[in-house]
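[1] What shape does this take:
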Amino acid sequence: MAKHLILVHGRSVKPAGSLMAAMVETALREGLRRAGAGSALADLEAGDLKLSFIYYGDINNEIAAADPAERAILTATNDPRYAFRLTLPFDLIEVGYALTSALRRFNRATYRDVLAEAEDWRLLDEAADIASLFGQLFTFGFLNDRLISGALPDFSAYLTSQIVSSAIRSRLQSVLLPAMEARDDICLLTHSMGCIVAWDVLWKLSYMSEYEPLRARGGHVGRWITCGCPLGEPGVRRNLLGGWARANEEFPRQIRQWRNIHAEDDYIAHVERMRSTFGAMMRAGFVGQISDRKIYNCWHYADATTGALVSNPHDLYGYLMHPAMGAAIAEWAQH
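    The predicted model follows:
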């Protein structure tokens, strides 16, 4: 049975798919190394632990480019396979990795040191936008077109446009479905909006009639690792596939274990504990175990315009580099 790690990124503008895939693997290796997980690291490097990276950054970038200010920062070119070619430059991420990797430990003291040097008012603005969006989701139940052009257009477009959401889900489903059919031992690692995408795909596989043969063969995800996860937000849950389903039909059924990792000050993961939020899912027997782990995400980088240090506790690479992430992957890989 092949060990297969499938990783899904989150929202916002992204660099070229191939460059992002390479940095994701670099950050994963860093997390495994910091966790002392030499066996899992060797398996990853040897290809015995298969890694599939699910990229939909081209879709995010195209949505963002409708805003002239966002389009202005998309100055690089994506891989030829993607129809929308404008993309985020990669150098800022390389600088961020170098700065963050140089830190000896990712703990509270280090995080406070980073914050002392890296003030980022833009992230505070984004946090306010996200809080506003979640508030409207909770109040109105469903988003509308006015919100798509507002605070978080890619997030909103996924939740309101069947064309956009289907296109993004298909990127994950095209890899996850064959892996489940092959009976791979799957670890699904999702970040931010990627957690919503994964939930929706797993819900479809749990209930849609066309996937009954897969269910009959017992296809499942051995471990789901979420980080920077917004699924605890009531308004988000109401907009998931199955969000308005009957009792016990709102939860996916193919997950054996769920590990949630949340960072201090992560402005997307306001509700930190998935175990308490989804207790009914455990009681119904649809997931064997849910656990939560708090960390300090010390990712920071140099602003391209001002050169000032910027801290982002929600960043994907900061999560992947953390030893808690490495330990969660290694525990699955060596089981």
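
[2] all strands for the stretch 1-150 of the chain, in order.
    According to DSSP state E, counting those that start in this stretch, the stretch 1-150 of the chain carries its strands in the segments 3-8, 49-54, 76-77, 86-87.

[3] what comes into contact with the third one?
    For strand 76-77, the external contacting residues (C-beta atoms under 8 Å, 6 or more residues apart in numbering) are 15, 16, 85, 86, 87, 88, 89, 90. For the C-beta atoms, the positions are set from N, CA and C on the backbone; glycine is no exception.

[4] and the gap between the fourth one and residue 168?
    According to C-beta to C-beta, to the nearest Å, residue 86 stands 18 Å off from residue 168.

[5] Tell me which of these two has more neighbours.
    Legend: neighbour count by other C-beta atoms under 10 Å for residue 86 and residue 168, higher for residue 168 (25 against 19).

[6] what helices or strands is the strand or helix carrying that one leaning on?
    Using DSSP states H and E, residue 168 falls within helix 162-181. If you count contacts as 3 or more C-beta pairs under 8 Å, 6 or more residues apart in numbering; DSSP states H and E, helix 162-181 packs onto strand 3-8, strand 49-54, helix 57-64, helix 153-160, strand 185-191, helix 193-207, helix 212-216.

[7] Residue 25 against residue 51, yeah?
    Yes. Between residue 25 and residue 51 there is a contact under C-beta atoms under 8 Å: 6.2 Å.

[8] Can you work out which residues contact both of those two?
    Taking C-beta under 8 Å, 6+ apart as the contact rule, residue 25 and residue 51 both touch residue 44.

[9] mind checking how far stretch 237-254 is from the chain centre?
    In terms of C-alpha atoms, centre = their mean, to the nearest Å, the gap separating the centre of stretch 237-254 from the centre of its chain is 20 Å.

[10] Report the rounded mean pLDDT for it.
    Taken as a whole, stretch 237-254 carries a mean pLDDT of 82.

[11] now the residue nearest the centre of the chain: how far from residue 228?
    In the chain, the residue lying closest to the centroid (C-alpha atoms, centre = their mean) is residue 191, at 1.2 Å. Distance, residue 191 to residue 228, by C-beta to C-beta: 5 Å.

[12] quick revisit: tell me which of the helices and strands packed on helix 162-181 is the most buried.
    strand 185-191 (a mean of 26; mean count of other C-beta atoms under 10 Å).

[13] And the contacts of that strand?
    1-10, 176, 179-180, 197-198, 220-229, 316, 319, 329, 332-333.

[14] Next, the angle strand 49-54 makes with that strand.
    40 degrees (axes from the mean of the first three to the mean of the last three C-alpha atoms, to 10 degrees).

[15] chain center to strand 185-191, what's the gap?
    Distance, centroid of strand 185-191 to centroid of chain: 10 Å (C-alpha atoms, centre = their mean).

[16] what do you get for stretch 65-75?
    23 Å.

[17] Can you point out the buried residues in it?
    Judged by neighbour count using 16 or more other C-beta atoms under 10 Å, the buried positions of stretch 65-75 are 65, 70, 73, 74.

[18] of the residues you listed, closest to residue 323?
    residue 73 (31.9 Å; C-beta to C-beta).

[19] Count the neighbours of residue 306 for me.
    8.

[20] Need the per-residue pLDDT for it.
    In this model, residue 306 is scored at 79, pLDDT.

[21] Please report how far it lies from residue 118.
    Taking C-beta to C-beta, one finds residue 306 at 12 Å from residue 118.

[22] Please apply the same query to residue 20.
    Counting by C-beta to C-beta, the separation of residue 20 from residue 118 is 22 Å.

[23] Over to residue 327?
    26 Å.

[24] ok, and the helix or strand in this protein with the lowest average confidence?
    helix 145-148 (a mean of 42; mean pLDDT, DSSP states H and E).

[25] If you count surrounding residues, which of residue 20 and residue 118 has more?
    In this view residue 20 and residue 118 are compared by other C-beta under 10 Å, and residue 20 has more residues nearby, 23 against 20.

[26] returning to what we had before: need the residues touching each of residue 191 and residue 228.
    Overlap of the contact sets of residue 191 and residue 228 (by C-beta under 8 Å, 6+ apart) consists of 10, 316, 319.

[27] Next up, the contacts around the last one.
    Looking back up the chat, that one is residue 319. 191, 227, 228, 261, 263, 295, 297, 325.
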